[in-house]
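In: only geometry, no sequence info:
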Ligand SMILES: C[S@@+](CC[C@H](N)C(=O)[O-])C[C@H]1O[C@@H](n2cnc3c(N)ncnc32)[C@H](O)[C@@H]1O
């Protein structure tokens, strides 16, 4: 390999340069600056914090994700199954050595994760060549709607592009995401997002990615060592997640809500279900062995009906800042 080097000149504050020389234990300026740059480029890449790649309806915020991860730790389970993984928000909070299985019925979503896991270089190269444009956004929406199957890589590029550029993460009938805010240049945000794909690809190397109906996954993983996190479409929001399954339009419906409740009750390990506070949900999940953790209202969601909760089949110890008595029986 031929190394092409370029001579650069730059001005650095003396105190900064002295500090760097101490860190790298050399008084050679060129060596000091080179070492600092190499460290950022090589190690900085893998140390980059894992984050989700795009907005997604129902994406779990940090305050909920942290409680789910805490419940997993307290349960002593060995395997974490994210039954309805969506944007992979929870994976971003789980320690790297956790055995994780992610599942979603949306094949465009799971194909994207498989491509990021197995072909991240090609995928990023394709994206790097693309401008941030509404024309392209419309074109990729057509690719996703078309009956002619694109290659898995093209399909992943189209899905990523549409999902990233959709206003509020709604892919169906979505409008193009732009911002009038001087600080928020979407074209540069699109570029800045690319290193996060590298970090996600690294993490996915040890993650199992499934594209199944949740019932099949629950049947297969019904074991005491398995922790199931179930973040199914919330009652009343099912349409947001309409997708194609075996050539047919699919929407999570009442049967699915009933089957999920029944199968979670029969699960031999621990489960945690995310939901909003709803009467109809209590009918499905009330039980002597079930507990609920209610989150406080937020500025954005002050109405009680929009409050989030976690329903679980064990009594988690209090860990959060909302008071000692926030985990109650769910009867
Ligand atoms: C509320 S979202 C999950 C959000 C995710 N926890 C996050 O933080 O991004 C619900 C997900 O369930 C998926 N889904 C709907 N029906 C399903 C089914 N029968 N089996 C598996 N996944 C399903 C949808 O595609 C959607 O991604």
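Out: Cool, got the structure. Predicted model, so just to flag it, every value in this text is computed and none were measured.

In: from now on I want contacts and neighbour counts done on CA atoms only, so please keep to that.
Out: Fine.

In: where does this structure have low pLDDT?
Out: Low-confidence segments of the chain, defined by pLDDT under 70, are located at 1-4, 15-16, 19, 22-25, 39-48, 169-172, 297-306, 319-325.

In: element containing the residue nearest to residue 71 when sequence neighbours are not counted?
Out: Excluding its sequence neighbours, the residue lying closest to residue 71 (C-alpha to C-alpha, 6 or more residues apart in numbering) is residue 316, at 6.3 Å. For residue 316, there is no helix or strand it lies in under DSSP states H and E.

In: does residue 316 touch residue 329 like I think?
Out: No. At 10.9 Å, residue 316 does not count as touching residue 329 under the criterion of C-alpha atoms under 8 Å.

In: quick one: the residue nearest to residue 71 from the ligand, how far?
Out: Applying C-alpha to the nearest ligand atom, to the nearest Å, one obtains 20 Å for the distance of residue 316 from the ligand.

In: can you name the residues that contact that residue?
Out: With contacts defined as C-alpha atoms under 8 Å, 6 or more residues apart in numbering, residue 316 is in contact with 71, 74, 75, 327.

In: if you set the cut-off to 10 Å instead, what comes out?
Out: Counting by C-alpha atoms under 10 Å, 6 or more residues apart in numbering, residue 316 makes contact with 67, 70, 71, 72, 73, 74, 75, 291, 292, 293, 327, 328.

In: please apply the same query to residue 98.
Out: Applying C-alpha under 10 Å, 6+ apart, the residues contacting residue 98 are 78, 79, 80, 91, 206, 207.

In: does the fifth one lie in a helix or a strand, and which?
Out: When you say that, I think you mean residue 206. In this structure, residue 206 is located outside every helix and strand according to DSSP H and E.

In: can we start the residue count at 42 from this point?
Out: I'll keep to 42 as the first residue from here, and by that count the last item is residue 247.

In: strands of this structure, start to end?
Out: Ranges of strands in the chain, per DSSP state E, are 120-123, 140-144, 249-251, 267-271, 284-286, 289-291, 312-317, 332-335, 349-353, 368-370.

In: residue 162 and residue 239 touch, don't they?
Out: Yes. Proximity of residue 162 to residue 239 meets the contact threshold set by C-alpha atoms under 10 Å, at 8.4 Å.

In: more neighbours: the two, which one.
Out: Set side by side, residue 162 and residue 239 show unequal neighbour counts under other C-alpha atoms under 10 Å, the larger going to residue 239 at 20 against 14.

In: burial measure for the nearest residue to the more buried one once chain neighbours are set aside, as a count.
Out: Distances taken as C-alpha to C-alpha, 6+ apart put residue 161 closest to residue 239, at 6.8 Å, once the chain neighbours are dropped. Counted with other C-alpha under 10 Å, residues neighbouring residue 161 total 20.

In: which residues are in contact with residue 161?
Out: Taking C-alpha under 10 Å, 6+ apart as the definition of contact, the neighbours of residue 161 are 153, 154, 155, 167, 194, 238, 239, 241, 242, 243.

In: quick check: end-to-end length of stretch 313-328?
Out: Start-to-end span of stretch 313-328 (C-alpha to C-alpha, to the nearest Å) is 14 Å.

In: please list the residues of the stretch 242-372 of the chain that sit near the ligand.
Out: Those residues of the stretch 242-372 of the chain that sit near the ligand, judged by C-alpha under 6 Å from any ligand atom, are 253, 254, 255, 272, 273, 274, 282, 293.

In: ok so, going back, the contacts of residue 161, buried ones only, as a ChimeraX selection?
Out: The following ChimeraX command selects only the buried members of these, with burial defined by 16 or more other C-alpha atoms under 10 Å:
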select :153,154,155,194,238,239,241,242,243
